[in-house]
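> the following block contains a protein sequence and its predicted model.
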Amino acid sequence: MQILGLDIGDKRIGLSKGNPTLGVATPYTLIHADTKEKAVEDIGKIIEKEKFEKVVYGLPLKESGEKGEQALKTETFVQELKKYCCNVKEWIPIDERYTTQMAQQAMSEMKLTIKKKKLMVDKLSAVLILQKYFNNL
């Protein structure tokens, strides 16, 4: 069974996938969130096509551990996605604090253009979110 990882942002949504038996997450794709409706539709199609039964998504909590505006936006987006994806049996939020910074740090030594780094950071953040879930199993 493959599990989908999501790093949900206002402009882009990074996707990763992984197998819990192997415990390894890999980058999957990037969805441009021009509109919430289109992003929900695109991710929903991927979930149905790949038959993901679990979705792990990053929840951007504040330093204090409380939910802020971005966490509430993420939860609203996930609620919309749940309406579209009937086959998913489990939706798992993961504290995603610092994943973007960790992804940026990991990419800092790569010889990539700023544009390519921008496009990669969300997929890499999704990998870190899903890997964090696997590490805690």
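Arrived safely. Numbering: from 1, shown residues only.
> residues in contact with K62?
68, 71 (CB atoms under 8 Å, 6 or more residues apart in numbering). Heads up, the C-betas are built off the backbone N, CA and C, glycines and all.
> helix, strand or coil for G18?
strand (DSSP: H, G, I helix; E, B strand; the rest coil).
> which strand or helix spans the closest residue to K132 other than its chain neighbours?
Of all residues not flanking K132 in the chain, I94 sits nearest, at 5.5 Å (CB to CB, 6 or more residues apart in numbering). Element membership for I94, per DSSP states H and E: strand 90-95.
> buried sites along that strand?
For strand 90-95, the neighbour count (16 or more other CB atoms under 10 Å) marks 93-94 as buried.
> how about the CA coordinates for it, as PDB?
The C-alpha coordinates for strand 90-95 follow below in PDB (Å, rounded to 0.1, in the frame of the first residue of the first chain):
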ATOM      1  CA  GLU A  90      -7.200   7.600   7.000                       C
ATOM      2  CA  TRP A  91      -6.100  11.300   6.900                       C
ATOM      3  CA  ILE A  92      -3.200  11.900   9.200                       C
ATOM      4  CA  PRO A  93      -1.900  15.400  10.200                       C
ATOM      5  CA  ILE A  94       1.800  15.700  11.000                       C
ATOM      6  CA  ASP A  95       3.400  18.700  12.700                       C
END
